[in-house]
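Peer 1: could you work out the structure for the sequence below:
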Amino acid sequence: MKEGKIVDIDPFLNAYLNKMLKEKRYLHSISVANLMFDIANSNNLENPINYYVCGLLHDVGKYLPLEEEVKIMEKYYKEYLFLPEYAYHSYTSAFLVENQLNISDLEILNAIRNHTTGNKKMSKMSKILFAADKIDPLRGYDSSKMIQNMKKDYKKGFKEVVYETKIFLKEKHNESNKLSEDMYDYYL
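Peer 2: Presented below is the predicted three-dimensional model:
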């Protein structure tokens, strides 16, 4: 480890990520993993390596064909078919992590499922992944203040990210969903 960063990725995971992700998404996943690790460390949370693994794997289902995503959603996550299609990858990613990588840690799996829409009563890891995914420095806007706030106090920083996400999504997509609305109502 160097400066709070994990330099080497397990060769198996690295090969898996390279197979599942395009280069830009691969770099995003590493960036989110590093950010989660740093936030967990700076908030003195247990097992920061789990946060890193969660961030690393959160988007592995991003490039599944829509037909495949829908099949997984219909079979395993039927109750979430109401979500916009862009949110399906959260569930398919968790499915792949559990079934292809044999990771059964419920906190990691739930955080991956929640990372796009959020919901009410999220775990520490879910909050940190939701935020880190949105404020990743590779996103192309200045998120340094929100990153700083997450490192200082992830609970307060999370609320700030939720607020900013709500504004952004209303302006950009002008759509919402029950899970996100529940999150806004609960945390804001």
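
Peer 1: now do stretch 33-48: everything it contacts.
Peer 2: Applying C-beta atoms under 8 Å, 6 or more residues apart in numbering, the contact partners of stretch 33-48 are 4-6, 49, 51-56, 124, 128-129, 131-132, 135-137, 147, 150-154, 157. Yep, even glycine has a C-beta here, placed from its N, CA and C like the rest.

Peer 1: hmm, residue 94 is touching residue 112, no?
Peer 2: Yes: the pair residue 94 / residue 112 is scored as a contact, 4.2 Å apart, by C-beta atoms under 8 Å.

Peer 1: average pLDDT for the helix or strand containing residue 111?
Peer 2: In this assignment (DSSP states H and E), residue 111 forms part of helix 106-114. The average pLDDT within helix 106-114 is 98.

Peer 1: so the helix or strand that that helix is followed by versus helix 106-114, what angle?
Peer 2: On the C-terminal side of helix 106-114, the nearest following helix or strand under DSSP H and E is helix 124-135. Interaxial angle, helix 124-135 versus helix 106-114 (axes from the mean of the first three to the mean of the last three C-alpha atoms, to 10 degrees): 40 degrees.

Peer 1: give me the angle between the helix or strand just after helix 124-135 and helix 124-135.
Peer 2: Later in the chain than helix 124-135, the nearest helix or strand by DSSP H and E is helix 144-152. For helix 144-152 against helix 124-135, the angle by the same axes, to 10 degrees is 170 degrees.

Peer 1: quick one: distance of helix 144-152 to the chain centre.
Peer 2: Centroid separation for helix 144-152 versus its chain: 17 Å, with C-alpha atoms, centre = their mean, to the nearest Å.

Peer 1: go on, stretch 118-137?
Peer 2: With C-alpha atoms, centre = their mean, you get 6 Å for stretch 118-137.

Peer 1: cool, and stretch 30-38?
Peer 2: Per C-alpha atoms, centre = their mean, the centroid offset for stretch 30-38 relative to its chain is 10 Å.
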